[in-house]
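A.B. asks: give the three-dimensional model of this entry:
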Amino acid sequence: MTLSFSVLASGSKGNAFYIATEKEKMLVDVGLSGKEMERLFTEIQVNPAEITKILVTHEHSDHIKGLGILARKYNLPIYANEKTWKAMEGSIGKLALDQKFVFNLEETKSFGDIDVESFGVSHDAAEPMFYTFHHNGKKVSLVTDLGYVSERIKKTVENSDALIFESNHDVSMLRMGHYPWSVKRRILGDSGHVSNEDCALALSEIIGNCTKRIYLAHLSKDNNMKDLARMSVKNYLNDNGFTIGSNLQLHDTDPKQPTPLYEVV
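C.D. replies: Numbering: from 1, shown residues only. Model prediction:
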């Protein structure tokens, strides 16, 4: 079986990502209620009882809201680094000891027929990290919740077959919007979120011959729009020699609707 995935939910209100091989069915983050997660799984026709493990990126509520509930209901093992475990302890309720596993920053773990590589990001959490998945020569990378895209991150995720990449806000919309200046400063800072422009710039440096699909993720509800994010990224890539079309596709993500299950071939 090839590598397949769905961005179950992505946005400021909740995030969850599903990725599967023949032997593994993994969930990254559970940022929606247990009930909402069940609905999302139904929409992509996946039985949540078949999930093999949950990986956690960081402790913010839009990434762990339903984590404890889902893990307890299906007796699922959870993987996170030690600082994240400590930071989210009070938010996820009681878990059995045999459900708690440590996945260190900058580590690669092999689970069944898939290798998962973790990498650090600059974000205002205890020790936030995201993941690149390797299976049969194919590579899928999940990169959101970061203030800037470091050279190390670019090197880690470059030439992925599919990229789920943050395009959080339009800078003008954010600056003109109703958020208090302290919040604006946080989002615009090095530990905040990546703008449409910065997303496009980073993508232009990491797209390779293998890259076929890009999913624009973690869009702000108040400071971005799908059409605007897609247009900003598409125009920049087109201006820099990349053709968005059949061989390189841009896709939206949504806070409430999963993307269709896609097989990386």
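
A.B. asks: so for residue 1, what's the pLDDT?
C.D. replies: With respect to pLDDT, residue 1 has a value of 65.

A.B. asks: what's in contact with the longest helix along the chain?
C.D. replies: Determined from DSSP state H, the single longest helix within the chain is helix 226-239. For helix 226-239, contacts defined as Cβ atoms under 8 Å, 6 or more residues apart in numbering pick out 167, 170, 173, 196-197, 199-201, 203-204, 207, 214, 216, 219, 244, 248, 250, 252. Backbone N, C-alpha and C define where each C-beta goes, glycine included.

A.B. asks: next SSE downstream of it?
C.D. replies: Scanning forward in sequence from helix 226-239 by DSSP states H and E, the next helix or strand is strand 249-252.

A.B. asks: what residues sit buried inside that next one?
C.D. replies: Of the residues in strand 249-252, those buried by neighbour count under the rule 16 or more other Cβ atoms under 10 Å are 250-252.

A.B. asks: show me where pLDDT drops low in this protein?
C.D. replies: Of all residues in the chain, those with pLDDT under 70 make up the ranges 1.

A.B. asks: switch to 50 and redo it
C.D. replies: Residues of the chain that meet the criterion pLDDT under 50 are absent altogether.

A.B. asks: distance of the spatially most central residue of it relative to residue 49?
C.D. replies: Geometric centre of the chain, nearest residue: residue 142, 4.4 Å, by Cα atoms, centre = their mean. Separation of residue 142 from residue 49 (Cβ to Cβ, to the nearest Å) stands at 23 Å.

A.B. asks: same thing with residue 107?
C.D. replies: Distance, residue 107 to residue 49, using Cβ to Cβ: 28 Å.

A.B. asks: contacting residues around stretch 206-218?
C.D. replies: The contact list for stretch 206-218 (Cβ under 8 Å, 6+ apart) reads 7, 10-12, 15, 139, 144-145, 154, 157-168, 193, 199, 203, 226, 229-230, 233, 237, 242, 247-253, 259, 262, 264.

A.B. asks: oh, that last question was meant for stretch 62-75, not what I typed.
C.D. replies: Contacts for stretch 62-75 (Cβ under 8 Å, 6+ apart): 11-15, 27, 29-34, 36-37, 48-49, 51, 54, 56-57, 76-78, 88, 91-96, 99, 145.

A.B. asks: now, the residues you listed that are in helices?
C.D. replies: Using DSSP H, the members of the contacts of stretch 62-75 that fall in helices are 34, 36-37, 88, 91-92.

A.B. asks: who wins for neighbours among the residues you listed?
C.D. replies: Greatest neighbour count in these, by other Cβ atoms under 10 Å, goes to residue 37: 25 neighbours.

A.B. asks: so residue 139 touches residue 160, yeah?
C.D. replies: Yes. Residue 139 is within contact range of residue 160, at 4.6 Å (criterion: Cβ atoms under 8 Å).

A.B. asks: what is in contact with the two at once?
C.D. replies: Taking Cβ under 8 Å, 6+ apart as the criterion, residue 139 and residue 160 both touch 132, 210.

A.B. asks: ok, these two, which is more surrounded?
C.D. replies: residue 160 (27 against 23).

A.B. asks: quick check, the more buried one in a strand?
C.D. replies: No. Under the criterion used here (DSSP: H, G, I helix; E, B strand; the rest coil), residue 160 is coil, not part of a strand.

A.B. asks: just use 618 as the starting number from now, easier for me
C.D. replies: With the count now opening at 618, the last piece we talked about shows up as residue 777.
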